[in-house]
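S.K.: Next come a sequence and a model predicted from it.
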Amino acid sequence: MISGAGSNLLALDDACRAGEVQGQIVGVLSDRSTAAGLDRARARGLHAEALPIMADETRSAHDARLLAAVSKLQPDFVLLAGYMRILDAAFVHALQGRLLNIHPSLLPRYKGLHTHRRALEAGDDVHGATVHFVTPDLDGGPPVLQARIKIKSGDDEVTLASRVQRCEHVIYPTVAQWCATGRLRYHDGKPMLDGRPLDTPVLQDFEF
Ligand code: GRF
């Protein structure tokens with residue numbers, strides 16, 4: 001599920017096509033009909049659909065419609081890849097344990113928006129991205145894999161965001177492959193990797 005450019009979606013699709021993820025993208029849904037990622041998905045022959053919220057529609061009615069569209073595609077997992085609308089609890093509960101998100105910070109630091117700016121303003125030495133299971137607590141679901149990079153002197157929001165995105169394009173396919181092969185499961189509200197509870201996320205350092 002996307003709202004924007006869809007670079008993570010393309011990275012996931014590339015990894016599927018290369019056999020690095022033993023899975024396939026069965027469909028792409030967006031809340032924005034103008035999302036560039038929709039056209040990029042269609043250009044690859046993927047099913048891509050926009051489901052914008054309608055003027056007279058409540059959030060729960062919209063999310064029920066969205067859930068119906070998701071269910072029709074029969075995915076094993078649903079990956080939020082730059083999906084910018086907050087999903088209601090009914091949607092999240094229906095997909096509990098099969099719904100993942102990528103967030104551009106080292107969660108629990110910097111939930112929400114403008115993460116790169118906030119990391120720079122705080123004078124942090126490191127920054128990164130997190131893949132986590134989604135719960136109704138926004139950006140608060142259990143983290144699975146984190147990518148960490150050093151913040152360089154002279155970094156600005158644009159340079160930092162672009163290096164974090166390069167990491168995202170590696171760690172999201174990694175987690176997708178863990179899901180596809182059954183290595184990663186969700187049990188009693190906890191991620192389990194290779195049968196062991198993940199009390200803290202796996203941390204991968206990048207030199208980007
Ligand atoms: C990514 O940086 C992701 O972390 C954030 O939104 C951005 C989406 O980018 N949630 P893209 O649409 O995958 O290019």
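M.R.: Received the coordinates, thanks.

S.K.: Could you list the residues of this structure in contact with the ligand?
M.R.: 2, 4-9, 37, 81-82, 102-104, 129, 165, 168 (C-beta under 6 Å from any ligand atom). No exception for glycine: its C-beta is placed from N, CA and C like everyone else's.

S.K.: which of those count as buried?
M.R.: 2, 4, 6-9, 37, 81-82, 102-104, 129, 165, 168 (16 or more other C-beta atoms under 10 Å).

S.K.: about what we covered before: out of the residues of the chain next to the ligand, list just those in helices.
M.R.: 7-9, 37, 165, 168 (DSSP state H).

S.K.: For the chain, which residue gets nearest to the ligand?
M.R.: Nearest residue of the chain to the ligand, counting by C-beta to the nearest ligand atom: Gly82, 2.5 Å away.

S.K.: Distance of that residue relative to Ser3?
M.R.: 6 Å (C-beta to C-beta, to the nearest Å).

S.K.: Which neighbours do those two have in common?
M.R.: Gly37 (C-beta atoms under 8 Å, 6 or more residues apart in numbering).

S.K.: what are the ranges of the strands in the chain?
M.R.: Secondary structure of the chain (DSSP state E): strands at 28-30, 48-50, 78-80, 99-103, 126-133, 143-150, 184-187, 190-193, 196-197, 202-205.

S.K.: how about JSON lines for the ones you listed, with mean pLDDT added?
M.R.: Putting the strands of the chain into JSON lines (pLDDT from 0 to 100) gives the following:
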{"stretch": "strand 28-30", "mean pLDDT": "98"}
{"stretch": "strand 48-50", "mean pLDDT": "98"}
{"stretch": "strand 78-80", "mean pLDDT": "98"}
{"stretch": "strand 99-103", "mean pLDDT": "98"}
{"stretch": "strand 126-133", "mean pLDDT": "98"}
{"stretch": "strand 143-150", "mean pLDDT": "98"}
{"stretch": "strand 184-187", "mean pLDDT": "97"}
{"stretch": "strand 190-193", "mean pLDDT": "97"}
{"stretch": "strand 196-197", "mean pLDDT": "96"}
{"stretch": "strand 202-205", "mean pLDDT": "98"}
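
S.K.: Out of the ones you listed, the one nearest Val21 is which?
M.R.: For the strands of the chain, the distance to Val21 is smallest for strand 78-80, at 10.6 Å, taking C-beta to C-beta.

S.K.: what does that closest one contact?
M.R.: 1, 12, 70, 95, 98-102, 134, 172, 176.

S.K.: Within the sheet, what are the partner strands of it, with directions?
M.R.: strand 99-103 (parallel) (DSSP bridges).
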